[in-house]
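> okay, sequence plus prediction incoming.
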Amino acid sequence: MIDKERFEKLLEDYPKAKTVTEGAEEFIFLPHAKVTLLDGNEAELDMLLCPHLREGKPTRLYFSKQLKTRRPRNWGPSRILEKEWHAISWNGVEASLSYSEMIAEHIGALIRE
Amino acid sequence: MLRDRFQRQSFLGRDSKLVLKSARVALIGVGGSGSHVVQQLAHVGIGTIVIFDADKAETSNLNRTIGTRRIHVLLRSRKVRISKRFARRISSKTKVIAYPLRWQRKAEVLRTCDIIISCVDSLQSRRELEVLARRFMIPLLDVGMTVSENGKKFSISGQFILSSPGDACMWCLGFLTDANLAEEANKYGAAGHNPQVVWPNGVLASTAVGFCVRILCPWCEDRDIHDSKYLNYDGDNGTLINNDLLPKLTYGCSHYRPNIMQEPRW
Amino acid sequence: MITFKIQARLYEKIRADLRRPHAYANERVGFLTVGSARTPNGLLLLAQEYWPIADEHYVDNPNVGAEYDERAIRVIMELAYNQSVGIFHVHEHPHNMQCFSNLDLASIPQLVDGLFSYSSKSVHGAVLLTDKLCNSMLWLPGASSSRRISQFQIIGKTIVKINATR
């Protein structure tokens, strides 16, 4: 379940965020989010935050497309809400963080060298 | 004198030939079990079979994949192409639409299918297929077999599941769990090829085809409170029996609410 | 091609409800929430839940089959708005009378107009059930004229397909 208070806080950083549901799972959809890569380039894409245990990870961040990073990443596809999403295999972003922190940690893991 | 090739299955009903001919069945995976399924669907007279498989024929397939020969391995033929030709040789009237890719890449095609038969090799794929099936109100038939180590010996087992819209899903049945999906995800890249042999695949595939035909042309009464089914296959002793969890559940599904049945709006 | 799918249990529940006698209404009416999805060759309509009109929301008018008051309308407009979903009026005619009545033909388009104010991106309409066939009228978002369901499917232990009334 999405925590209402944490979601309200997230809206300060991502005002277009909204909750979406599939089956028994709830996600946070972040449309047209901007991700700044280490080389300074900015990518605009949709993101889907799963703030609960999924596919063996405490939380997951899915992207609408694979991002080009300097270091190759282990991308894997997942189909959610009739769209294909991409996530890297990254563990350790805990569900106790605020939603903004979760997103930052996942993006940090993606773009770090 | 040529006779009606379906005359021996007239017990399926007066209109059965037409019903089966107008049916559109999707088959996800045409490997060990899927190859049996496509053969039987063609024999029984299913009009349109939509098949998905991204793989090419390999040497290790030859011990069990119906219709696959050494020449296919040498030519690196697509599994869907082999299946399509094989089905068409059984029945030239069967329309086979073959997609040599992961089903997720062209999932919209599944929306117009009457039934989906899943012969995939991952729980994650099953999870995603079931979501689609529930969203578009499509009965999903799933089969799978496993060979596990049992001390110094081995044990063959498997399952047949009918996930029926509105009734128990794979989560309700305890077949999909967060724990087993996590285990599968953590093994990704480290897993070798699982042992596979032809006869359990045949048993399970035939069971799936039987239920597929029963959904389209019911030939018998079914007084079971449930529309969903869950059968456990004991490959060591050759039995297929009802899983004992399903009879304890009330009709319905606690994981997919009615409002899932809609194209998602973003 | 427009295909309407409904689970067998829901269909049986609807038929049973519509056949229940009412203290003064000659017929019963209910509503279905209906999701929609595009397909490569048309549209899928997916029946979600059934909402019968409450007994006390019927109007005592012996000259018509069924008439309901603004409370019933408010319920379905709220449903359409809160769930962003399509609404289908559903009733049945006895003796396999397959045609919508003059009252249906006049009132249902007005109802649908109202529904589009609350859920403009959904498909709204009506289905008329008989034992063997199904008649229908529906409006796609932005469309000025109605269309019909091509095939009605009942999904349960078996799949029953009913082609549209001609």
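Right, received. Where do you want to start? Numbering: from 1, shown residues only, chains lettered A, B, ... in the order given.

> list the buried ones in stretch A:74-94?
Across stretch A:74-94, burial judged by 16 or more other Cβ atoms under 10 Å in any protein chain shown covers A:76, A:78-82, A:84-90, A:93. Quick note: C-beta positions are derived from backbone N, CA and C, even for glycine.

> inside helices: which ones of those?
Among those, none falls in helices (DSSP state H).

> kindly report the residues of chain A close to chain B.
A:20, A:22-24, A:29, A:31, A:53-57, A:74, A:76-79, A:81-84, A:89 (Cβ under 8 Å from any Cβ of the partner chain).

> and chain C, which of those reach it?
Within those, nothing lies near chain C by Cβ under 8 Å from any Cβ.

> any idea how far the spatially closest residue to A:V35 that is not a sequence neighbour is from B:K21?
Distances taken as Cβ to Cβ, 6 or more residues apart in numbering or on different chains put A:A43 closest to A:V35, at 4.9 Å, once the chain neighbours are dropped. Distance, A:A43 to B:K21, using Cβ to Cβ, to the nearest Å: 50 Å.

> same check, this time on C:S117
Taken as Cβ to Cβ, the span from C:S117 to B:K21 is 45 Å.

> and if you look at B:V38?
Counting by Cβ to Cβ, the gap from B:V38 to B:K21 is 16 Å.

> between those two, tell me which one has more neighbours.
Neighbour count, other Cβ atoms under 10 Å in any protein chain shown: between B:V38 and B:K21, B:V38 has more, with 31 against 15.

> ok, the more buried one - contacts?
By Cβ atoms under 8 Å, 6 or more residues apart in numbering or on different chains, B:V38 lies in contact with B:L27, B:V30, B:I49, B:I51, B:S83, B:F86, B:A87, B:V96.

> from B:R88, how far off is it?
Distance from B:V38 to B:R88, by Cβ to Cβ: 10 Å.

> mutual contacts of those two, please.
What both B:V38 and B:R88 touch, as defined by Cβ under 8 Å, 6+ apart, is the set B:V96.

> surely A:P51 touches A:Y99?
Yes - with contact defined as Cβ atoms under 8 Å, A:P51 reaches A:Y99; the gap is 6.2 Å.

> check contacts around whatever residue of chain A ends up closest to chain C.
For chain A, the residue closest to chain C is A:E82, as judged by Cβ to the nearest Cβ, at 8.5 Å. When contacts are counted by Cβ under 8 Å, 6+ apart, A:E82 is found next to B:A107, B:L132, B:R135, B:E263, B:P264.

> any chance of those in TSV, with neighbour count, secondary structure and distance to chain C too?
Formatted as TSV, the contacts of A:E82 follow (neighbours: other Cβ atoms under 10 Å in any protein chain shown; DSSP: H, G, I helix; E, B strand; the rest coil; distance: Cβ to the nearest Cβ, whole Å):
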residue	neighbour count	secondary structure	distance to chain C
B:A107	18	helix	11
B:L132	21	helix	11
B:R135	24	helix	8
B:E263	18	coil	4
B:P264	16	coil	9
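
> looking at the residues you listed, which is nearest chain A?
Distances from chain A to the contacts of A:E82, taken by Cβ to the nearest Cβ, are shortest for B:P264, at 4.2 Å.

> confirm for me that that closest one is in contact with A:T21.
No - B:P264 lies out of contact with A:T21 (Cβ under 8 Å); the separation is 9.4 Å.

> which strands or helices does the stretch of helix or strand A:P31 belongs to pack on?
Using DSSP states H and E, A:P31 maps to strand A:25-36. Contact partners of strand A:25-36 among helices and strands, from 3 or more Cβ pairs under 8 Å, 6 or more residues apart in numbering or on different chains; DSSP states H and E: strand A:18-22, strand A:42-50, helix A:99-111.

> what lines up beside the shortest one in the sheet?
In the sheet containing strand A:18-22, its partner strands are strand A:25-36 (antiparallel), by DSSP bridges.

> can you list the buried residues in the partner strand?
Going by neighbour count (16+ other Cβ under 10 Å), the buried part of strand A:25-36 is A:F27, A:I28, A:F29, A:L30, A:A33, A:V35.

> same check, this time on stretch B:81-91
B:R81, B:I82, B:S83, B:K84, B:F86, B:A87, B:I90, B:S91.

> okay, now the nearest residue to the fifth one once chain neighbours are set aside: neighbour count?
Spatially, and ignoring its direct neighbours in sequence, B:F86 is nearest to B:G67 (3.7 Å; Cβ to Cβ, 6+ apart). Neighbourhood size, B:G67 [other Cβ under 10 Å]: 20.

> quick check: the gap between B:G67 and B:I82.
Taken as Cβ to Cβ, the span from B:G67 to B:I82 is 6 Å.

> ok, now which ones touch the residue sitting furthest away from the middle of chain A?
Distance from the centre of chain A peaks at A:D39, with 20.5 Å (Cα atoms, centre = their mean). By Cβ under 8 Å, 6+ apart, the contact list for A:D39 reads A:R70.

> what number of residues are in the vicinity of residue 45?
Picking chain A for this. 16.

> please go with chain C instead
For C:L45, using other Cβ under 10 Å, the count is 25.

> please name the nearest non-neighbouring residue to it.
C:F4 (4.5 Å).

> repeat that for A:L10.
Per Cβ to Cβ, 6+ apart, closest to A:L10 is A:Y99, 4.1 Å.

> contacting residues around B:W171?
Going by Cβ under 8 Å, 6+ apart, B:W171 touches A:G23, A:A24, B:T177, B:H255.

> how about A:L97?
Residues counted as contacts of A:L97 (Cβ under 8 Å, 6+ apart) are A:T59, A:E105.

> so who does C:N26 touch?
Contacts of C:N26 (Cβ under 8 Å, 6+ apart): C:P62, C:V64, C:G65, C:A66.

> now what about the host helix or strand of A:E5, what contacts it?
Using DSSP H and E, A:E5 sits in helix A:4-13. Residues outside helix A:4-13 that contact it (Cβ under 8 Å, 6+ apart): A:A17, A:T19, A:I28, A:P51, A:S98, A:Y99, A:S100.

> buried ones among those?
Looks like these have A:A17, A:I28, A:P51, A:S98, A:Y99, A:S100 buried, using 16+ other Cβ under 10 Å.

> run through the bridge partners of the second one.
Translated: A:I28. Here A:I28, judged by DSSP bridges, has bridge partners A:T19, A:L49.

> how far away is it from A:S98?
A:I28 is 12 Å from A:S98, by Cβ to Cβ.
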